[in-house]
Structure formats: structure tokens, C-alpha cells
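**Student:** got a structure for you, letters missing:
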């Protein structure tokens, strides 16, 4: 069967002497693997389609039982080449790509998430705060995988009045009265908590320019890392590199 999809390359690996297999996040077919024959050759017609983060149209054949597709034709819409040329942007883009690939099953990767990933990569290119953009996308990943935190009321008693603490272990907010049920719950400041609630429901395509104080960003990073570790439990190579890069800046 012939498929025609818009896709973003979230993983690219060598296959054989001259081929590559790419994993795509697509607009209408979830995650799919596609073999691009001859992609490693210098004069390859479609070699550029195998580059990480590339957004384009992919036309491929795939059997009725699914499995790996074989590229028939393709066109690049946006190569996002600057993401591969700047170390910090490459680090963040590699992280969200690996996160997308590892965190989601095919059926969880719908068209909305495809649009969110595209907005995430475009945000990096546009020079928006990479940490904030990444946290927004992490929330979309938690949502798509069924682990979105509840931050509008206490997950233990339903109390809607704050102040709240954040319990990654319990999956959301805890009021002061219930906070004893998780001694490890975080205590972000008011600004950080409001931003976490905003991240929980905001479409990345609506993100404008935003400036966040360093101390607030530190609170956000701690909260999001704890939630990602507790709720998804993934060990990502790109996350390790991103951490190392942060220590140098």
C-alpha cells in the first residue's frame, strides 16, 4: 500500500552499506519506520530526507500488515539545518526527538503531537527560550502518554484552593493539609507553579516571547525533571548530554 504523509525525522540509523532507516513522527499515521535506500551515498537523491529533524513529505510503500516502509519519493519542507549547526539547539532538538521516539507507542503519536513537535523545533530556530519550549513539549508528551499531572486541584482530597505543592509520585498537586502524604513533594514558588499550570494546557503554537527569571527557571526544571523521571522513567542519552551542556553554560 502506498502512503503519503507529512513527517519529521526523530531517529536516523545506518542500515547496510549505503542505506538508512528513519523513524518519522507523522501527521496522520503515528510513528513509522521507513527505509531510504542509498541515503548514505554522496549523490543520493533522498539522502537529505534522512537527516535528523527534517520535516517533509514522505511517500512510501508498506505491506498490509504494517512494518517497515520503503521510500518511493519525498520532498523537504523544512530541513531545520540550523538545529544541527548549533550545539545548544542540537542538544535540545535531539532530546525532544529521542523523547518522542522512546516515550510513545505508535497509536499514541497523533496529529496534534506532530504539530506540537513542529512548533517546538520552530521555536528553537526562532530563538525562543529553549528550556521553556522544551518544558511545554514535555507536558505534551506526558499528556499523550497518559501521565499528564493534575495541577488544578489536590489529587488527594480535591481541594481547589492553594497554595499547592507538586508531587511527581502522586501525579500532581497536593494541598498543604495533604502534603504529609508525600514528604518529597516539591515547593515551587507562586510564579513557577502558575507557569506549570499554564504549560499543562498551552498549545505550543501559541507561545510568544516569554522571559522567566533564572530562579523560576531552576524551579521549573526541577519540577519537570522529577515528573518526567517519576512518570515515564526513561534513561535518555540526549538528556545526559543536555545536562553536561547546562553545566558548561
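**Tutor:** On my side now, so go ahead. Computed from a prediction, not measured in an experiment: that's the story for all the values here. Residues are numbered from 1 along each chain as shown.
**Student:** mind listing what's buried in stretch 64-84?
**Tutor:** 69, 71, 74, 79, 80, 83, 84 (16 or more other Cβ atoms under 10 Å). Where you see a C-beta, it was placed from the backbone N, CA and C, and this is true even at glycine.
**Student:** Which residues are in contact with the last one?
**Tutor:** If I follow you right, that is residue 84. Counting by Cβ atoms under 8 Å, 6 or more residues apart in numbering, residue 84 touches 51, 52, 53, 90, 93.
**Student:** helix, strand or coil for the fourth one?
**Tutor:** Reducing the assignment at residue 90 to three states with DSSP: H, G, I helix; E, B strand; the rest coil gives helix.
**Student:** Quick check: the gap between it and residue 13.
**Tutor:** Relative to residue 13, residue 90 is positioned 17 Å away (Cβ to Cβ, to the nearest Å).
**Student:** between the two, who's got more neighbours?
**Tutor:** Neighbour count, other Cβ atoms under 10 Å: between residue 90 and residue 13, residue 90 has more, with 19 against 11.
**Student:** May I have the phi/psi pair for the nearest residue to residue 111 once chain neighbours are set aside?
**Tutor:** Excluding the flanking residues, the one nearest residue 111 by Cβ to Cβ, 6 or more residues apart in numbering is residue 27, at 5.1 Å. Main-chain dihedrals, residue 27, degrees, to the nearest 10: phi -80, psi -20.
**Student:** Likewise for residue 30?
**Tutor:** Main-chain torsions, residue 30, degrees, to the nearest 10: phi 70, psi -140.
**Student:** Equivalent analysis for residue 147, please.
**Tutor:** According to degrees, to the nearest 10, residue 147 has phi -120, psi 20.
**Student:** That one and residue 231 touch, don't they?
**Tutor:** Yes - counting by Cβ atoms under 8 Å, residue 147 touches residue 231, with 4.1 Å between them.
**Student:** sorry, back to before: could the buried residues of stretch 64-84 be laid out in JSON lines, adding secondary structure and distance to residue 174?
**Tutor:** Below are these laid out as JSON lines (DSSP: H, G, I helix; E, B strand; the rest coil; distance: Cβ to Cβ, whole Å):
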{"residue": "69", "secondary structure": "strand", "distance to residue 174": "46"}
{"residue": "71", "secondary structure": "strand", "distance to residue 174": "50"}
{"residue": "74", "secondary structure": "strand", "distance to residue 174": "49"}
{"residue": "79", "secondary structure": "coil", "distance to residue 174": "45"}
{"residue": "80", "secondary structure": "coil", "distance to residue 174": "40"}
{"residue": "83", "secondary structure": "helix", "distance to residue 174": "38"}
{"residue": "84", "secondary structure": "helix", "distance to residue 174": "42"}
